[in-house]
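**Q** With the sequence up front, the predicted model follows.
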Amino acid sequence: MYRYDEFDHAFVRQRVAQFRDQVARRMSGELSEDEFKPLRLMNGLYLQLHAYMLRVAIPYGVLSARQLRCLADISRRYDKGYGHITTRQNIQFNWIKLSDMADLLEILADVEMHAIQTSGNCIRNTTADHFAGAAADEIEDPRVWCEIIRQWSTLHPEFSFLPRKFKIAVSGATEDRAALRVHDIGLQLRHNEAGETGFEVMVGGGQGRTPMIAKTIREFLPKAELLSYLESILRIYNQQGRRDNMYKARIKILVHELGAENLAELVEAEWQQVRESAIDLPEAEVARIERYFAPPPFEVSADADLDAARCGDSEFDMWLERNVNAHKQLGYAIATISLKPAGKPPGDITAEQMEVVADLAERFSYDELRATHQQNLVLPHVRKSDLFEVWQTLKAHGLASANRGLINDIIACPGMDFCSLATARSLPVAKEISTRFADIAYQQDIGDLRLNISGCINACGHHHVGHIGILGLDKRGEESYQITLGGRSDKNAAIGEIVGPAFSADKIVDAVETVMLTYLDQRQSGEAFIDAYARMGREPFKERLYANN
Amino acid sequence: MPIIKNGTVVNDEWLSVDDDAALPADGPVIVSLSRWQSETDLLRARTAPLGLLVESHEQIADIETDLSAFELIALDFPTFRDGRPYSTARLLRERYGFSGELRAVGDVARDQFLFMHRCGFDAFQVEDGTGLEAWLRAVSEITIWYQPTGNAGGTLSILRDQLQAAE
């Protein structure tokens, strides 16, 4: 993974000192809360219902054991002994004191971490395929370009006061695990006919109150020219994005209003000028960054067969089935650590668990970890013959839920329990659903399913792209929950359709079960929920959900 | 309001003239883009220095060929949240080669100085009471940059290059 050189270190220290001064000016009263707000947001610090919440960046989800131990330490010293993995592959702490902030950032800087641009109207943490550098279906490692984007976007003086936040995702694999099409910019690494590598550039996807699927504005961009092209898109957006209404300020609205073709033309014209400037990195600099992402020293003689790893323990076999994915290196596998045990808030991890996972990463995964936008962790490089031992350790610490990609692998925002924007709670709904479906055999019978919950229209819980989406609303002071069906964030990305009137808090879990039962009754052999929905449409679900009304 | 220019407090010798006010016979004035467009000949005929005020929604690409007429361009920030003038500043400096005074006016406060400076602003109309010391501190808080903007000095790839060359 990328390591800071002396300049990166010096930069982050300067940024911490700058923020320390801003905090001091706030605490002395020199800055009002109104003046301080944009400054703290640029450093990931939110004022929530109970306390400050700090969002620490995990650039493109890549983490080392030392870094995770540091996060464990921070959660003990400055929080309540746990952290929360977010849908931007970051980690949040919910109980931070303003007076601790600068010291906390110093501690993060010691392990090459920061909270820069995890909020605010700027370019946010770039996300990536969480199997990057490991996946069997990878064309090229996207992390090199994620790091290049991270550096370019960090305190970019021109793009720190954009009309609205800006999110970029990158994938280098055939399967889209990075939800490219619901990002402001989605970048897909691919080969052209000449065999060169470049990016397909998609623009204008997003969720929130006006969900949209991104449009491709360039089929193939030579990868060496990525930054000049991104700079051109951002400049057009900065100049022409709407600033009169914050709900219409994302680039998706600009794409919608101009039309993708017109935007593509504007970007192309700007790019012809920008590409002449010094923005694209010299080859030597790209090569320098590439070296950090060289594959670890895999053992060639490792066992090839996953079946050989089975040992007759049905629980372990189930975990292998669900949580282990194919690796590009013979004899290795990718193991997903589910942070979705039944009855617990999705994505929460205790300090002790962080330390256990850090140890495992060090012993079994070349000191590498990933955080996923589905709020789990990943050990990217595990020898197949080590999987059983890894699983045993995970199991001993409540981390072996065999439910990756099943109904209980819920994405949920923090909702009204923590967030001041929320209109309803999401964590209790997630807990109730995961308790209702706790039986792993039941989950497995249902099969592949993505259930996402947001506590308000801002859609931080990605409900628009859940196969089942749940949106928490406030109806005359009562929490109520709207169900959408058929959303997805993969290559066939689609926005879910609202199935009908919302359900009250005490009816929503029954409603989810009704959807499941409808599917189970009517599915064809081997048909996943999302495929059954594509075949049958909304009606059969709607009929059964509202049968008694 | 005080002006900080190139790291010192200077007297503002420029008079901002409203669109409906008469032009003074002499002395440096700043006029709006629309006034420049409607009274180009009259303004060109003056011998005193001419300045241009550009609102954040106005694009300067249209008047690229006029830029040599101005010794000063003031870019207005109606609110600090409006980031459009940062793009305008970079275009003026880097694409159109504008070398006169580039002045930030409007909602211009300490925690934006650094970004503005980096985009090519060299003059800042600041609130009364914003001391030079605060400005000097603000623009020196970060000295290492990942992006080549404004004047490209001090970016990381240049520093890394120098390091490699020295090794």
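**A** That came through fine.
**Q** Now for A:Pro295, how many residues are close by?
**A** For A:Pro295, the count of nearby residues is 12 (other C-beta atoms under 10 Å in any protein chain shown). Yep, even glycine has a C-beta here, placed from its N, CA and C like the rest.
**Q** any idea how far A:Asp141 is from it?
**A** Counting by C-beta to C-beta, to the nearest Å, the gap from A:Pro295 to A:Asp141 is 9 Å.
**Q** same check, this time on A:Leu473
**A** In terms of C-beta to C-beta, A:Leu473 sits 41 Å off from A:Asp141.
**Q** which ones are touching the one residue in chain B that gets nearest to chain A?
**A** As assessed by C-beta to the nearest C-beta, chain A sits closest to B:Gly83 within chain B, at 2.9 Å. Applying C-beta atoms under 8 Å, 6 or more residues apart in numbering or on different chains to B:Gly83 gives the contacts A:121, A:158-163, A:238.
**Q** Please apply the same query to A:Glu362.
**A** A:Glu362 touches A:Ala65, counting by C-beta under 8 Å, 6+ apart.
**Q** between A:Pro295 and A:Asp141, what contacts are shared?
**A** A:Gly133.
**Q** Secondary structure class of the most centrally placed residue in chain B, three-state.
**A** By C-alpha atoms, centre = their mean, chain B has its centre lying nearest to B:Leu102, at 2.4 Å. Of the three states, B:Leu102 takes strand according to DSSP: H, G, I helix; E, B strand; the rest coil.
**Q** Quick check: pLDDT value at the residue nearest to it when sequence neighbours are not counted.
**A** Counting by C-beta to C-beta, 6 or more residues apart in numbering or on different chains, B:Leu102 lies nearest to B:Phe121, which is 5.0 Å off, once chain neighbours are set aside. Looking at B:Phe121, its pLDDT reads 96.
**Q** Kindly provide the distance from B:Phe121 to A:Phe11.
**A** B:Phe121 sits 22 Å away from A:Phe11, going by C-beta to C-beta.
**Q** now do A:Gly486
**A** A:Gly486 sits 45 Å away from A:Phe11, going by C-beta to C-beta.
**Q** Look at the two and report which has more neighbours.
**A** A:Phe11 (24 against 21).
**Q** quick one: which of the contacts of B:Gly83 sit in strands?
**A** For those, not one is inside strands, with DSSP state E as the criterion.
**Q** Which one of these is nearest to A:Ser338?
**A** Proximity of the contacts of B:Gly83 to A:Ser338 (C-beta to C-beta) peaks at A:Asn121, which lies at 33.6 Å.
**Q** residues near that closest one, how many?
**A** A:Asn121 - counted by other C-beta under 10 Å - has 22 other residues nearby.
**Q** what's the nearest residue to it once chain neighbours are set aside sitting at in phi/psi?
**A** Closest residue to A:Asn121 in three dimensions, ignoring its sequence neighbours and counting by C-beta to C-beta, 6+ apart: A:Leu162, at 4.8 Å. The phi/psi pair for A:Leu162 (degrees, to the nearest 10) reads phi -70, psi 170.
**Q** what are the bridge partners for B:Thr155, then?
**A** Beta-bridge pairing for B:Thr155 (DSSP bridges): B:Trp145.
**Q** Test my guess that it contacts B:Gln147.
**A** Yes. The pair B:Thr155 / B:Gln147 is scored as a contact, 6.5 Å apart, by C-beta atoms under 8 Å.
**Q** Those two - which one has more neighbours?
**A** The residue with more neighbours, out of B:Thr155 and B:Gln147, is B:Gln147; 23 against 18, by other C-beta under 10 Å.
**Q** what's near enough to touch the closest residue to the more buried one other than its chain neighbours?
**A** Spatial nearest neighbour of B:Gln147, chain neighbours left out: A:His156 (5.6 Å); criterion: C-beta to C-beta, 6+ apart. Applying C-beta under 8 Å, 6+ apart to A:His156 gives the contacts A:122-123, A:234, B:146-147, B:149.
**Q** Give me the subset of those residues that lies in helices.
**A** Judged by DSSP state H, those include A:Leu234 as members of helices.
**Q** Give me the more crowded residue out of A:Leu473 and A:Asp141.
**A** Neighbours per residue, other C-beta under 10 Å: of A:Leu473 and A:Asp141, the larger number sits with A:Asp141, 23 against 16.
**Q** Check what pLDDT B:Ile157 gets.
**A** Careful, residue B:157 is Ser and not Ile. pLDDT, B:Ser157: 71.
**Q** Next, count neighbours for it.
**A** Neighbour number of B:Ser157 under other C-beta under 10 Å is 21.
**Q** Also A:Ile213?
**A** 19.
**Q** Could you verify my assumption that A:Tyr229 touches A:Glu268?
**A** No. The criterion here is C-beta under 8 Å, and A:Tyr229 misses it with A:Glu268 at 9.2 Å.
**Q** so where's chain A shaky on pLDDT?
**A** By pLDDT under 70, the low-scoring segments of chain A are A:301-309, A:549.
**Q** pLDDT weak spots in chain B?
**A** B:150-154, B:167.
**Q** Next, the contact list for A:Ile253, please.
**A** With contacts defined as C-beta under 8 Å, 6+ apart, A:Ile253 is in contact with A:210, A:241-242.
**Q** ok but A:Glu479 is inside a helix, no?
**A** No. Counting by three-state DSSP, one finds A:Glu479 to be strand, located in no helix.
**Q** just the helices in the stretch 301-450 of chain A please.
**A** Assigned by DSSP state H, counting those that start in this stretch, the helices in the stretch 301-450 of chain A fall at A:314-323, A:351-364, A:387-396, A:427-436, A:440-446.
**Q** With chain B instead?
**A** Under DSSP H, chain B gives helices at B:33-38, B:40-45, B:84-90, B:110-119, B:132-140, B:156-166.
**Q** Mean neighbour count, these: which tops it?
**A** helix B:84-90 (a mean of 26; mean count of other C-beta atoms under 10 Å in any protein chain shown).
**Q** roughly how far is that one from the heart of the chain?
**A** With C-alpha atoms, centre = their mean, to the nearest Å as the basis, helix B:84-90 stands 9 Å off its chain's centre.
**Q** Please list the residues outside that helix that contact it.
**A** A:157-161, A:235, A:238-239, A:243, B:54, B:56-57, B:59-60, B:75-77, B:102, B:104, B:115-116, B:119-121, B:149-150.
**Q** same thing but 7 Å
**A** A:157-158, A:161, A:235, A:238-239, B:54, B:56-57, B:60, B:75-77, B:102, B:115, B:119-121, B:149-150 (C-beta atoms under 7 Å, 6 or more residues apart in numbering or on different chains).
**Q** what does stretch B:4-12 give?
**A** Contacting residues not belonging to stretch B:4-12 are listed as B:2-3, B:101, B:122-124, B:126, B:132, B:135-136 [C-beta under 7 Å, 6+ apart].
**Q** cutoff 8 Å now
**A** Contacts for stretch B:4-12 (C-beta under 8 Å, 6+ apart): B:1-3, B:101, B:103, B:122-126, B:130, B:132, B:135-136, B:139.
**Q** Make a PyMOL selection of whichever of those residues turn out to be buried.
**A** Only the buried entries of the contacts of stretch B:4-12 go into this PyMOL selection, using 16 or more other C-beta atoms under 10 Å in any protein chain shown:
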select buried, chain B and resi 2+3+101+103+122+123+124+125+126+130+135+139
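**Q** Among the contacts of stretch B:4-12, pick out the one closest to A:Glu112, please.
**A** Within the contacts of stretch B:4-12, the smallest distance to A:Glu112 is 26.3 Å, found for B:Val139 (C-beta to C-beta).
**Q** I'd guessed the closest one sits against B:Leu114; true?
**A** Yes. Between B:Val139 and B:Leu114 there is a contact under C-beta under 8 Å: 5.4 Å.
**Q** what about the residue of the stretch 51-200 of chain A found nearest chain B, how many neighbours?
**A** Residue nearest to chain B within the stretch 51-200 of chain A: A:Phe161 (2.9 Å; C-beta to the nearest C-beta). The number of residues packed near A:Phe161 is 24, by other C-beta under 10 Å.
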